[in-house]
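Visitor: Give me a model of this one.
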Amino acid sequence: SDSLQAALQKVKNSTTIQRIFRLGLGLMLLQQLSGINTVMYYGADILIQAGFPEHQSVALTAALAIAQGIGIISASPLFDKFGRRKLLIPSTFAA
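Guide: Sure thing, here's the model as predicted:
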């Protein structure tokens, strides 16, 4: 509890940390508003409502999850090579 209080006090007192904190919150908000987590969670239901058979919608949702995993794994080395900022800004406009 004391360490949490100390950390919160440090955020309050430092404009640099406040800026970083706000940036992180903004990025989290953009991620949630993009809706990809909703599509991943309800993917099978969405496809069933779109007219796909249940077994096919589950398979397509699995393929979507695999594609997302491949995208994450393949993008990870790019963060080291180019930096997060250079990759984050264009991806914000693509979403």
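Visitor: Helix or strand: which one has the residue positioned nearest the centre of the chain?
Guide: Nearest to the mean C-alpha position of the chain, by C-alpha atoms, centre = their mean, lies Gln31 at 4.8 Å. Under the criterion of DSSP states H and E, Gln31 resides in helix 15-34.
Visitor: got it, and Gly69?
Guide: Going by DSSP H and E, Gly69 is part of helix 54-82.
Visitor: Please spell out which residues along that helix are buried.
Guide: 57, 61 (16 or more other C-beta atoms under 10 Å). Placement of C-beta: from N, CA and C, glycine included.
Visitor: So which elements touch it?
Guide: helix 36-49, helix 84-94 (3 or more C-beta pairs under 8 Å, 6 or more residues apart in numbering; DSSP states H and E).
Visitor: burial of Ala44, as a residue count?
Guide: Ala44 is flanked by 19 other residues according to other C-beta atoms under 10 Å.
Visitor: Would you mind measuring from the closest residue in space to Glu54 that isn't next to it in sequence to His55?
Guide: Counting by C-beta to C-beta, 6 or more residues apart in numbering, Ile48 is the residue found nearest to Glu54 once chain neighbours are left out, at 5.9 Å. Note on Ile48: its distance to His55, by C-beta to C-beta, to the nearest Å, is 10 Å.
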